[in-house]
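Chemist: got a structure for you, letters missing:
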């Protein structure tokens, strides 16, 4: 769990650190660029021998879904939903983790599901916007596909590596990023005006940070941490970045929030972790 907590802290503070610096760039290009940098970071550790063609294709697929498809669907949702609705809708990822786990194991884990439901409720309480909610069903569907893709990738990698203890995470993770780069790159080619691309220095540093740290290192540590906890804990931790992000905004940007809702949301997270630990 320490890996998951560390990544949640980095993600929670990352939005505050880069807020507004990349809005002028094509969103698909941002996804492609950060994933390409993540891929480059792990190339020196690559393992080729000992991996069958089937294994390589499976890892490319897992990475393509978990990181590539997740980003593309998430970005596409912004065409149909306002930012405050997107923030609210991203809280459902824990439920997808438990649902996919139940499908894989062919049994219902009630404790995991209830703990995940508390985590979703806690995130929703914190993210619930003050303005009226209005949403496009197409946008909601895209966002839930994004959540499902990230949840699927975590569990798929966890189960894939569990059956291959001889492999090292650092040696094969380049393949996951390779699959993500191919997926995101295909969409970027269709939307990005590379001839007219004007990358400012601060934007370059932001992309470098996102690619090397927030994506490259953090996605690796997240999947590494996912292998070391049960599925209930993994589901809950998917929403931990929400209260951390709010706290980061309070500390760094001096923004205001509803402290009662923040306290209730944090309390629901704590209850979810306790129930999962006590009854799972």
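Modeler: Sure, I can see it. No experiment lies behind these values; they were computed from the predicted model shown.
Chemist: could you pull out the helices for the stretch 1-150 of the chain?
Modeler: 2-18, 27-42, 53-63, 70-77, 83-89, 93-105, 110-127, 137-162 (DSSP state H, counting those that start in this stretch).
Chemist: show me which residues of stretch 67-83 are buried.
Modeler: Buried residues in stretch 67-83, counting neighbours by 16 or more other CB atoms under 10 Å, are found at 67-77, 80-82. Every C-beta, even on glycine, is put in place using the N, C-alpha and C of the backbone.
Chemist: also stretch 247-254?
Modeler: With burial defined by 16+ other CB under 10 Å, the residues of stretch 247-254 counted as buried are 247, 248, 249.
Chemist: how close does the nearest residue to residue 159 once chain neighbours are set aside sit to residue 96?
Modeler: Distance criterion CB to CB, 6 or more residues apart in numbering; nearest residue to residue 159, sequence neighbours excluded, is residue 104 at 6.6 Å. Residue 104 is 12 Å from residue 96, where distance means CB to CB, to the nearest Å.
Chemist: these two: which has the busier surroundings?
Modeler: residue 96 (22 against 14; other CB atoms under 10 Å).
Chemist: still on that earlier bit, lowest average confidence across the helices of the stretch 1-150 of the chain, which one?
Modeler: When the helices of the stretch 1-150 of the chain are ranked by mean pLDDT, helix 83-89 comes last with a mean of 77.
Chemist: any buried residues in it, and which?
Modeler: For helix 83-89, burial by neighbour count (16+ other CB under 10 Å) applies to 85, 86, 87, 88, 89.
Chemist: and for stretch 165-183?
Modeler: Buried residues in stretch 165-183, counted by 16+ other CB under 10 Å: 167, 169, 172-183.
Chemist: redo the residues you listed as a markdown table? Include pLDDT, distance to residue 158 and secondary structure.
Modeler: Listed next are these as a markdown table, based on pLDDT from 0 to 100; distance: CB to CB, whole Å; DSSP: H, G, I helix; E, B strand; the rest coil:
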| residue | pLDDT | distance to residue 158 | secondary structure |
| --- | --- | --- | --- |
| 167 | 89 | 13 | coil |
| 169 | 92 | 11 | helix |
| 172 | 93 | 14 | helix |
| 173 | 95 | 13 | helix |
| 174 | 95 | 18 | helix |
| 175 | 96 | 16 | helix |
| 176 | 96 | 13 | helix |
| 177 | 96 | 17 | helix |
| 178 | 96 | 19 | helix |
| 179 | 96 | 17 | helix |
| 180 | 96 | 17 | helix |
| 181 | 96 | 22 | helix |
| 182 | 95 | 22 | helix |
| 183 | 94 | 21 | helix |
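Chemist: will you turn these into CSV that also has distance to residue 145?
Modeler: Listed next are the buried residues of stretch 165-183 as CSV, based on distance: CB to CB, whole Å:
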residue, distance to residue 145
167, 29
169, 26
172, 26
173, 24
174, 25
175, 23
176, 19
177, 21
178, 22
179, 17
180, 16
181, 20
182, 18
183, 13
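Chemist: quickly check those for the two that are furthest apart.
Modeler: Spatial extent of the buried residues of stretch 165-183 (CB to CB) is set by the pair 167 and 183 at 22.8 Å.
Chemist: ok, and the closest non-adjacent residue to residue 174?
Modeler: Residue 174 sits nearest to residue 42 (CB to CB, 6+ apart), 4.1 Å away.
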